[in-house]
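# Sequence below, structure please.
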Amino acid sequence: MRKMEAVEYLPYSPLALVLAFVIYVWVKRREVKSFRRLLLGTLLALAIPPSLALIGIETALGKVTLVDVGVMFVAMTFGPAIGALSGAGAALAFLTGSPYLIPVIVVARSLEGLMTGWVARNGEGFSALILGGVSGGLVATAVIVAFGYWSGGLSEALRLTSTVLTEVTTGMLLGTALSGSIKKRYIGLEETL
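Numbers count the residues shown, from 1 in each chain. Modelled structure (predicted):
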């Protein structure tokens, strides 16, 4: 019998997050205001971030993608639970390229979506969306930079800082603009769970 290494299980961490989300929805099922909106938010959380992760610019410090635009848009529009689920969607983009990064991406982007959605939902107006984007972006940056420091030292942490801050800033600006315009047009969209 062959001994399984932990590395072989890394691609399953998004599945664990999806399972946790399903259990959370099941427990909170009486509080769901619209199952259509819940389904729409869930599908967008799993589809938009990996799609936008494919769009990127290769720089000297690494590839800068639009994954944060998707994470922040979904979190600001549908709330913290679906925002946290977008971390699984963001990790799906790494299945073929760098599977060892999947758990870090799941944790960082899920915390980003959770924090962004929570702050955006508990505040009022456009400023709450911006504050949510900033707080979620800082959490994601801290997690990814800490992983970079742990895995590659100070030089890797500094390299990741500039790349992630660029992604987070772009995500905050574009995600806030998209979510603000959608929320203005479709009142009550975020009241899903």
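# so where's the chain uncertain?
Segments of the chain classed as low confidence (criterion: pLDDT under 70) are 1-10, 96, 188-193.
# Which neighbouring elements make contact with the top helix by length along the chain?
Longest helix in the chain, counting residues (DSSP state H): helix 125-185. Counting by 3 or more Cβ pairs under 8 Å, 6 or more residues apart in numbering; DSSP states H and E, the packing neighbours recorded for helix 125-185 are strand 62-65, helix 67-78, helix 102-122. In short, each C-beta sits where N, CA and C put it, glycine included.
# Point out the most buried one among the ones you listed.
Greatest average neighbour count among the helices and strands packed on helix 125-185 goes to helix 67-78 (a mean of 31), per mean count of other Cβ atoms under 10 Å.
# tell me what that helix is packed against?
Identification of packing neighbours for helix 67-78 by 3+ Cβ pairs under 8 Å, 6+ apart yields helix 35-53, helix 80-92, helix 102-122, helix 125-185.
# immediately after the first one, which helix or strand?
To tie it back to what came earlier, the one meant is helix 35-53. On the C-terminal side of helix 35-53, the nearest following helix or strand under DSSP states H and E is strand 56-59.
# Give me the contacts around that following strand.
Defining contact as Cβ atoms under 8 Å, 6 or more residues apart in numbering, one finds that strand 56-59 is touched by 63-66, 163.
# got the angle between the longest helix of the chain and helix 102-122?
Per axes from the mean of the first three to the mean of the last three Cα atoms, to 10 degrees, the angle that helix 125-185 makes with helix 102-122 is 90 degrees.
# The chain should start at 39 in everything you say after this.
New numbering, starting at 39: the last item is helix 163-223.
# how much distance is there from helix 163-223 to the middle of the chain?
The offset between the C-alpha centroid of helix 163-223 and the centroid of the whole chain comes to 10 Å, using Cα atoms, centre = their mean, to the nearest Å.
# Helix 73-91 and that helix, what's the angle between them?
Helix 163-223 and helix 73-91 meet at an angle of 110 degrees, taking the same axes, to 10 degrees as the criterion.
# quick check: angle from helix 163-223 to helix 118-130?
80 degrees.
# L84 contacts A129, correct?
No: counting by Cβ atoms under 8 Å, A129 is not a contact partner of L84; they are 10.2 Å apart.
# Those two: which is more packed in?
Each of L84 and A129 has its neighbours counted (other Cβ atoms under 10 Å); A129 has more, 30 against 21.
# For the more buried one, list the residues it contacts.
Applying Cβ under 8 Å, 6+ apart, one finds that A129 lies in contact with 51-52, 55, 140, 143-144, 147.
# Could you measure from the closest residue to G151 other than its chain neighbours over to T80?
The shortest distance from G151 to any non-neighbouring residue, by Cβ to Cβ, 6 or more residues apart in numbering, is to G121 (3.1 Å). From G121 across to T80, the span is 11 Å (Cβ to Cβ, to the nearest Å).
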